[in-house]
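Trainee: sequence and predicted structure are below.
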Amino acid sequence: MSSRRLLYAVAAPVIALVVTLIITSIVILISGANPIDAYYNMIDYSTRARGVTSIINQATPLFIAGVAVAIGFQMNLFNIGVEGQYRLAGLIAAWAGAQIAWPAPFHVLFIIVVAMVVGSLWAGIAGVLKVTRNVNEVISTIMLNQIAFGVGLWLFNDYLKLEGGTNLAAQTEPIPKSGWMPSIDPIIEFFGIDLPGGRSAIYGFVLIAIALGALYWVTLTRTRFGFDLRASGLNPNAAFTSGVNPKRMVIVTMLLSGGIAGLIGLPQLMGNTHIYDEAFPAGLGFDGIAVALLGQYHPVGMAVGALIFGFLDYSSGGLQLAGIEPEVVAIMKGTIMLTAVIAFTVVRRRATAAEVRDAARRLETERRPAPAAAKVPS
């Protein structure tokens, strides 16, 4: 990657973060607090006991959500329905996982497959509507979100919740221990790594998220399928001329995006609670859009974006120590998303203009006649 391309790649996220800090500082000042004290408390709170591991655990589903969104974006498909896909998939996977007691590896794999199938099928509805009725996927996935929330609530209350449980809150039947995802603490201890801020379990799903990010990038950049996917998004007509079926690619892309979206709720489900209840995490799908934008659809960038959002979510408790409402975090997250979109648009236009100028200079140089050779006197 040239120095200019590297500069353009990091410029947009840096601009988004800087502008976010400026706007948030103004909001904190208006509230009557000191921004420096607020940021110090956020950092100090996040490095205390359980802080680092909690941020990693919160970043894991956000990264998976970013990958799910990024797959659609690579083909110019905006899967806004990730939120509904993972929440419906989490409910059905939790219920299905509680119905069996297979040996551990197969039980874990069964829950993962169920979640992916549910998320994939729900996202596939939007894909089918797009290729058969030309329904815009933004509209259909937003509507499917609301339907998923309603269907999930109906299934949970009428069919899937545990009857006669001892807890006050409604929940599904607990998943047997064979369906739990073990933490990676033993691996960390084996290498002698001591995370600051105390000890707590890091979800084993972190390893699956890392593998998912690597598989996403290799598939996208090193396979024929990834090339066809990106080509179909850039120019469906040209892709069709070269032998690629753009409609088929729309269906496959939505199925893949939804399948990965189905995994978003599993880190907590299989690594912590082992039940689906009213406290099942919400909003991860929408945050995944911001993570994908902030990371420019690159797995490393999305990992950094997920850690930033995980830090913001966890450190909101530190704001209360400075006498600031934790809702400031929501302002920061919304500002990051808005400024990221604007910054990416500006940077992309400048990069395109620079490439056009470079191409024009090269073309002018090639067309310029070579200087005539000097005549040697006889």
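Mentor: Yep, that arrived. Residues are numbered from 1 along each chain as shown.

Trainee: pull the CA atoms of the helix or strand harbouring residue 71 into CSV?
Mentor: According to DSSP states H and E, residue 71 maps onto helix 51-73. Output of helix 51-73 as CSV, limited to C-alpha atoms (Å, rounded to 0.1, in the frame of the first residue of the first chain):
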residue,chain,number,x,y,z
GLY,A,51,-12.5,-3.5,33.1
VAL,A,52,-10.1,-4.9,30.4
THR,A,53,-11.8,-8.3,30.1
SER,A,54,-15.3,-6.7,30.2
ILE,A,55,-14.3,-4.4,27.3
ILE,A,56,-13.0,-7.4,25.3
ASN,A,57,-16.2,-9.3,26.0
GLN,A,58,-18.4,-6.4,24.9
ALA,A,59,-16.3,-5.8,21.8
THR,A,60,-16.6,-9.4,20.6
PRO,A,61,-20.3,-9.3,19.6
LEU,A,62,-19.8,-5.8,18.2
PHE,A,63,-17.0,-7.1,15.9
ILE,A,64,-19.2,-9.9,14.7
ALA,A,65,-22.0,-7.4,14.0
GLY,A,66,-19.5,-5.3,12.1
VAL,A,67,-18.5,-8.2,9.9
ALA,A,68,-22.1,-9.1,9.2
VAL,A,69,-22.8,-5.5,8.1
ALA,A,70,-19.6,-5.2,6.1
ILE,A,71,-20.3,-8.3,4.0
GLY,A,72,-23.5,-6.6,2.7
PHE,A,73,-21.7,-3.2,2.3
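
Trainee: isn't residue 156 up against residue 170?
Mentor: Yes - contact status for residue 156 versus residue 170: in contact at 7.1 Å, counting by CB atoms under 8 Å. All C-beta spots, glycine's among them, are computed from the backbone N, C-alpha and C.

Trainee: just the pLDDT for residue 66.
Mentor: Predicted confidence (pLDDT) for residue 66: 97.

Trainee: name the nearest residue to it, sequence neighbours excluded.
Mentor: Excluding the flanking residues, the one nearest residue 66 by CB to CB, 6 or more residues apart in numbering is residue 291, at 3.6 Å.

Trainee: helices and strands around the next helix or strand after the helix holding residue 71, which ones?
Mentor: Using DSSP H and E, the helix or strand that directly follows helix 51-73 along the chain is helix 82-98. Counting contacts by 3 or more CB pairs under 8 Å, 6 or more residues apart in numbering; DSSP states H and E, helix 82-98 is packed against helix 51-73, helix 104-133, helix 137-155, helix 246-261, helix 284-294.
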